[in-house]
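> Build me a model:
(chains A and B)
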Amino acid sequence: MSQILHIDWTKCDGRGLCTELLPTVLGRDDWGYPLAKYARGGDRTNVEIGPRDAQAARDAVSLCPKLALSLAPQ
Amino acid sequence: MTPQRAASVFAVQVWDGAASNQLFAAGTNATFDVHEQTFGPLSLETIGADFISVLEQSGLTGRGGAAFASWRKLAATDKGRGGALLGAKPVVIANGAEGEPLSFKDKTLLTHAPHLVIDGLLIAGRAVSASLLYIYTTPAAMASVQAAVAGRRDARKIKVTEAPETFISGEASAVVNSIVNGIALPLDKRRRLSESGVKGRPTLVLNVETLAHVALIARHGVGWFRSVGSERDPGTRLISVSGHCAAQVLEVEGDASLASILGRAGVDRSDVGAILVGGYHGQWVRPLDCTLSPSGAGGQVIRPGAGVLHVLSTGDCGLEATARILSYLAGESAKQCGPCMFGLPAMARVLNEIAYGAPDPSLVGELQRLGNLVGGRGACHHPDGALRLVASALETFSDDVQAHLSGSCTRTLRRIA
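Residues are numbered from 1 along each chain as shown, chains lettered A, B, ... in the order given. A predicted model of the protein is given here:
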């Protein structure tokens, strides 16, 4: 089952940990902030996470130094 | 008696006493007595949750910019209350923040017809069983709102708070944040405000003009409201007209043609270079054969946003105007979200180079690349609104873009660079 990774932009500081844990899902923009590689309907704040990336996404949520990420069921 | 609904236009910032006017029918600086004489008394006790279906039939949409169906917001708030424990009664906020520099219809309404807004707030409050009511007002209208609230027994529980004059202070979550924390900046939206807003309660934020229409719908009914405007855009809306013409507020029917509104505003069409519709988050329009409606096929219909028309004269350069606006919008970023904080200034630099700088054909591609980095990546829609403005400028002023990139300008007849 796929999940949604929500980025709280008001907390995100562009540290980049999530982009290293989820290299196929997130790139980085000019300023280092996570940039969803595939955006459903242009939404790059709520990013779809497939089953294969579920563990990495959970790690990103718990390791984000700014607590800017959360995961919710689709 | 239900008054006749007029299909033409009305109020001007300087009140001209036109009898056909609706929202400003009680005249300038209307007192509660004049208000009641003009519109008739309001029987609040008859209002309950079933008023939400009245609003649904009316087809009223929000007049603050997003044009969301008003009844859906009430229904969502009512539903948000359903699952909550005892005590979690909803909060309703009349949003009178008007940070958009080209908009002044809300302060005009709050100054001259505050009782219509108060009526609407009391009605919405009853419809969703709210226990807390707020009017969030721009400083310009604070005195008239405070006086109006103080003069009514039924308005005693309404709290009046001041909206700072920043561009984003009226964004719904910024309104809630300002009331709760005194910080008028948008919040991250994991949960909808209709589920959890002020003090964790279901919270309904409605534009003040929307509430004024609610007050008239409750009095005169759905048929009356829908008797002007069109099927897809019933009722009237206030428009702030400015730029190369006299600044004024007009009340126009839904789906009104742009040309007819400009005619009523006394704008000479031969002087019009382009029109900015919807304000700094809106779009440039040229030519003028379209109507203003929140729904309908693109090309024939332009979304009115918060009801702003700004006239650019034939002698003004649209690219320079857009570059100035984008610089302003970049400065008005809340600086909470990286893509907006860094992306908008970067875009503004490139657009200013196109407008004023050396001809460099790669600039347009760079502007589009930066736009792709900014869209959909923030707590609010400030970056998306800025993108909409820039995209419309590149399209509407495409001949100017080509001219600037080859070192001239079609408007100002002077060589740049």
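
> Next, the contact list for B:A76, please.
B:A76 makes contacts with B:R192, B:S194, as judged by Cβ atoms under 8 Å, 6 or more residues apart in numbering or on different chains. (C-beta placed from N, C-alpha, C; glycine too.)

> so who does the residue of the stretch 251-400 of chain B found nearest chain A touch?
Closest approach of the stretch 251-400 of chain B to chain A (Cβ to the nearest Cβ) occurs at B:C337, with a separation of 3.5 Å. Contacts for B:C337 (Cβ under 8 Å, 6+ apart) come out as A:W9, A:T10, A:C12, B:R377, B:G378, B:A379, B:P383.

> B:V160 too?
Contact analysis of B:V160 by Cβ under 8 Å, 6+ apart lists B:Y134, B:I135, B:T137, B:M142, B:V145, B:Q146, B:V149.

> Around the residue in the stretch 51-200 of chain B positioned nearest to chain A, count how many other residues there are.
Closest contact between the stretch 51-200 of chain B and chain A, by Cβ to the nearest Cβ, is at B:D188 (4.2 Å). When neighbours are defined as other Cβ atoms under 10 Å in any protein chain shown, B:D188 has 21 of them.

> Please apply the same query to A:A72.
The burial metric for A:A72, expressed as a neighbour count using other Cβ under 10 Å, is 10.

> With adjacent residues omitted, what lies nearest to it?
Nearest-residue entry for A:A72: A:I4, 5.2 Å, with adjacent residues in sequence omitted and distances by Cβ to Cβ, 6 or more residues apart in numbering or on different chains.

> my read: that neighbour touches A:D43, true?
No - taking Cβ atoms under 8 Å as the contact criterion, A:I4 and A:D43 are not neighbours in contact, 9.3 Å apart.

> More neighbours: those two, which one.
When neighbours are counted by other Cβ under 10 Å, A:I4 and A:D43 differ, and A:I4 comes out ahead with 17 against 14.

> Mind checking the pLDDT average for the host helix or strand of the more buried one?
Using DSSP states H and E, A:I4 sits within strand A:3-7. Mean pLDDT, computed over strand A:3-7, is 96.

> quick check, B:S270 in a helix?
Yes - going by DSSP: H, G, I helix; E, B strand; the rest coil, the assignment for B:S270 places it inside a helix.

> could you pull out the strands for the chain?
Just so you know, I chose chain A. Taking DSSP state E as the criterion, chain A contains strands spanning A:3-7, A:26-28, A:34-36, A:46-49, A:69-73.

> should've been chain B
Chain-ordered strands for chain B, with DSSP E as the definition, fall at B:91-96, B:132-137, B:158-162, B:203-207, B:236-243, B:248-253, B:272-277, B:283-285, B:291-292, B:301-302, B:308-313.

> mind checking which of those is nearest A:P51?
With Cβ to Cβ as the measure, strand B:203-207 is the member of these nearest A:P51 (36.1 Å).

> Give me the sheet partners of that closest one and which way each runs.
When sheet partners are counted by DSSP bridges, strand B:203-207 sits next to strand B:91-96 (parallel).

> Just list the residues touching the closest residue to chain B within chain A, thanks.
Minimum separation of chain A from chain B (Cβ to the nearest Cβ) falls at A:W9, amounting to 3.5 Å. Listed by Cβ under 8 Å, 6+ apart, the contact set of A:W9 reads A:Y33, A:T45, A:A68, B:D188, B:Q336, B:C337, B:G338, B:P339, B:C340, B:R377, B:G378, B:A379.

> Quick one: name the residues of chain B near chain A.
For chain B, the contact set with chain A under Cβ under 8 Å from any Cβ of the partner chain comprises B:186-188, B:190, B:336-340, B:342-343, B:346, B:370, B:373, B:375-379.

> Which PyMOL command selects the buried ones in those residues?
When burial is assessed using 16 or more other Cβ atoms under 10 Å in any protein chain shown, the buried subset of these is captured in PyMOL by this command:
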select buried, chain B and resi 186+187+188+336+337+338+339+340+342+343+346+370+373+375+376+377+378+379
